[in-house]
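A.B. asks: following is a predicted model, sequence given first.
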Amino acid sequence: MSGLESFVQNYGYGALLLGTILEGETVLILAGIMAHMGLMKLPAVILVAFAGSLLGDQLYFFWGRRQGTVLLEKHPVWKRRSEKVYRALRRYRNGIMLGFRFVYGMRTITPLILGMDRSIPARWFFLLNAAGAALWSIAIALGGYYFGEVLKIFLEDIRRYEVELLLVIVLIGAVVRLVIRYREKKKAA
């Protein structure tokens, strides 16, 4: 058993759960690729990602409900992002609750802001959050799974052109080195 297989067997689903609780896109894409390689089971990847995503966003929602204002004051980056969320919330409240996790970099701040909005019932957020988590888990896991197939084909093609590819890399490196050397001489003069 290879090191990767051993790691995935011992920690794969736990790492996926933790990764999807926090932010998750990269972890879920990698898990989808691993499912394509046969190291993980795709239905289990989707289920674990759903659970982690739902749990994480519910935690952020209730964290926002309890301490949202204090958190925004402590984190200036979150405060700047929150302004974007507030503007969008006025127009697309339900759509945002359903699809915020598809917008990279907004997954943590959005449920926090939604939790601060006392006019949003916790049950309603849970229902839309669960639907969004299901859509996200399926879409991203399948994306990783099918990317695994593309990656496999790509790597097979690269093997056929190893020598040519190596020559191109060496040539690019030589050109970069010449440009750097030229700029250094020009600065020194």
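C.D. replies: Yes, it's here.

A.B. asks: what about residue 81, helix or strand, and which?
C.D. replies: Assigned by DSSP states H and E, residue 81 belongs to helix 76-99.

A.B. asks: which residues touch the residue most central in space within the chain?
C.D. replies: Closest to where the C-alpha atoms of the chain average out (C-alpha atoms, centre = their mean) is residue 25, at 1.9 Å. Listed by C-beta atoms under 8 Å, 6 or more residues apart in numbering, the contact partners of residue 25 are 104, 140. Yep, even glycine has a C-beta here, placed from its N, CA and C like the rest.

A.B. asks: quick one: the strands in this structure?
C.D. replies: Using DSSP state E, no strands are found in the chain.

A.B. asks: could you pull out the helices for it?
C.D. replies: Under the criterion DSSP state H, the chain contains helices at 3-22, 25-36, 42-74, 76-99, 109-116, 122-160, 162-188.

A.B. asks: dump those into a markdown table; add mean pLDDT as well.
C.D. replies: Output for these, formatted as a markdown table (pLDDT from 0 to 100):
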| stretch | mean pLDDT |
| --- | --- |
| helix 3-22 | 77 |
| helix 25-36 | 87 |
| helix 42-74 | 92 |
| helix 76-99 | 80 |
| helix 109-116 | 86 |
| helix 122-160 | 86 |
| helix 162-188 | 79 |
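
A.B. asks: if you compare these, which one is most tucked away?
C.D. replies: Of the helices of the chain, the one with the most neighbours on average (mean count of other C-beta atoms under 10 Å) is helix 109-116, at a mean of 24.

A.B. asks: what's it in contact with?
C.D. replies: Against helix 109-116 from outside (C-beta under 8 Å, 6+ apart): 57-58, 60-66, 68-69, 71-72, 78, 81-82, 85-86, 89, 96-97, 100-101, 103, 120, 125, 129.

A.B. asks: go again using 6 Å as the cut-off
C.D. replies: With C-beta atoms under 6 Å, 6 or more residues apart in numbering as the test, helix 109-116 has contacts from 57, 60-62, 64-65, 68, 78, 81-82, 85, 100, 120, 125.

A.B. asks: next: stretch 55-62.
C.D. replies: Contact with stretch 55-62 is made by 21, 111, 112, 114, 115, 125, 129, as judged by C-beta under 6 Å, 6+ apart.
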